[in-house]
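Trainee: here is my input; please provide its structure:
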Amino acid sequence: MSSKTNAFNAYESTLNGGITDSGTSLIVDSAGGMIHPTYLVIDPDSPTLREIIRCDNISGTTFSSLTRGLAGSASGGQAHASGAVIRSTPVHQELDDLYTDITALEAADSGHFGGTDTDDHPEVTTGTRGFASAADKMKLDGIADGAVAAHSATTGQGVDDHHNEDHASRHDEGAADELTGLANGGYFSGTHVYFTADGTFTKADHTGLRAIRIRCQGGGGAGGGAEATGVAEASVGGGGGGGAYAEHFVLASALGASETVTVGDGGTGVSGVAGNTGGDSSFGSFVTANGGLGGPVRPASAVGFGTEGGAGGGATGGDLLTGGDAGGSAWAVFQLGISGVGGASVLGGGARNRFTSATGQQRGGFPGSEHGGGGSGGINSASVSASIGGDGADGIVIVELLF
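Mentor: Below is the predicted model of the structure:
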């Protein structure tokens, strides 16, 4: 294969010193950004002196490694005087080089145009570049546009220390199922089905389904409300707990024709009493993520006091189980106090707390963030009516379809 040559538009200079008929280098007044290798013509406007040369080295204004008297020259290599014009202009040698390169590429890549088993490239493997087989092409044709590889979530990282041996056994089974699928060509994520309310997952709606990954988020607990207060009294509510989170990998063959999906509502705040617990989210009998507990309330009192927040929810049945954060503790002394923050979940943030700094202040709690965050508690300083705790955020169930 010939080396690539460079062509330039409108380059022209003059020789700075003559060149003999056998010289292999010359000096020009200006190189003009020329790059080797390239073709040039000396005395291009003279029918009797015109000479086509190839230059394979340019350093500053010195052109060297010259090939002299190429086809199209007035004669073979000949002498040229100082001041002679040297110019870049199209010559047929450039087209000859291009043709040679194309011919060489076609010969090297003949296997791409219907070759046999003796082609230069082998069939592609995980360790060798080459051609894809017919079976590989069928797999690729079955992948939806924009699909991404489904990564294993069953490595055990992030699993809570409180998981027992029974959970570890289920975890290993889920991992084995997933690895089996990967060994048989891998899984590809087709889409996600989102349940924000109770519903039913129907397997027949998803042709070609091989497995699913379930993500369950329980509802957040509501913050505790604050009681009505008299003179020199205060009352405060603890934060609601965050809902639990669970993931589970399930082969399609293990699914029923339909599976019941339950989405836990966030707990509701109530004026002057403890907040309600968040609802549980579940997918069939495979996995359950419990809601966070509601925040308690500390009754009105003229004595300084505090109270804890509601506990975070727990989860059962999945490969990855993560409890919700507990709601924050609260305290109050007469006119000063801070209510409990809401507990966070994997898919939602806990609500920020409230505070009082003077007599006669009534502060309701804030709601938790979707999905599964706990609400914050309410707080009252002296001489106000009851306040309400913040609602917990609703849970969610997400089903990733794997093909």
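
Trainee: next, S253: secondary structure please.
Mentor: At S253 the chain is in helix, as set by DSSP: H, G, I helix; E, B strand; the rest coil.

Trainee: angles on the backbone of L15, please.
Mentor: Backbone torsions of L15, given as degrees, to the nearest 10, read phi -70, psi 130.

Trainee: nearest residue to it in space, please, no chain neighbours.
Mentor: Among residues not flanking L15 along the chain, A84 sits closest, at 4.8 Å (CB to CB, 6 or more residues apart in numbering). For glycine as for every other residue, the C-beta is placed from the backbone atoms N, C-alpha and C.

Trainee: I'd guessed that neighbour sits against I42; true?
Mentor: Yes. A84 is within contact range of I42, at 5.8 Å (criterion: CB atoms under 8 Å).

Trainee: more neighbours: these two, which one.
Mentor: Between A84 and I42, counting by other CB atoms under 10 Å, I42 is the more crowded of the two (23 against 18).

Trainee: if you count neighbours, what's buried in stretch 294-308?
Mentor: Going by neighbour count (16 or more other CB atoms under 10 Å), the buried part of stretch 294-308 is G294, G295, P296, V297, R298, A300, S301, F305, T307, E308.

Trainee: check the second one and give its pLDDT.
Mentor: Pointing back at G295 there. Looking at G295, its pLDDT is 98.

Trainee: ok, the fifth one next?
Mentor: R298 is assigned 95 on the pLDDT scale.

Trainee: re earlier: out of the buried residues of stretch 294-308, which are inside helices?
Mentor: Assigned to helices by DSSP state H, none of the buried residues of stretch 294-308 qualify.

Trainee: between which two of those is the distance greatest?
Mentor: Pairwise distances across the buried residues of stretch 294-308 (CB to CB) peak at 20.6 Å, for the pair G294 and S301.

Trainee: for the strand or helix carrying T288, packing partners?
Mentor: Following DSSP states H and E, the helix or strand that holds T288 is strand 287-289. With contacts defined as 3 or more CB pairs under 8 Å, 6 or more residues apart in numbering; DSSP states H and E, strand 287-289 has these neighbours: strand 211-217, strand 245-251, strand 281-283, strand 315-316.

Trainee: ends of stretch 216-224, how far apart?
Mentor: Separation of the first and last residues of stretch 216-224 by CA to CA, to the nearest Å is 25 Å.

Trainee: can you check stretch 304-312 too?
Mentor: Terminal-residue distance, stretch 304-312 (CA to CA): 26 Å.

Trainee: report the set of residues contacting both of A84 and I42.
Mentor: L15, L49 (CB atoms under 8 Å, 6 or more residues apart in numbering).

Trainee: burial check on A104, number of neighbours?
Mentor: The burial count for A104: 12, using other CB under 10 Å.

Trainee: flag every buried residue along the helix or strand where it lies.
Mentor: Per DSSP H and E: A104 is located in helix 92-108. If you call a residue buried by 16+ other CB under 10 Å, then helix 92-108 has these buried ones: Q93, D97.

Trainee: can you map out the strands along the stretch 151-300 of the chain?
Mentor: For the stretch 151-300 of the chain, strands defined by DSSP state E, counting those that start in this stretch occupy the ranges 188-195, 199-202, 211-217, 234-237, 245-251, 258-262, 281-283, 287-289, 297-301.
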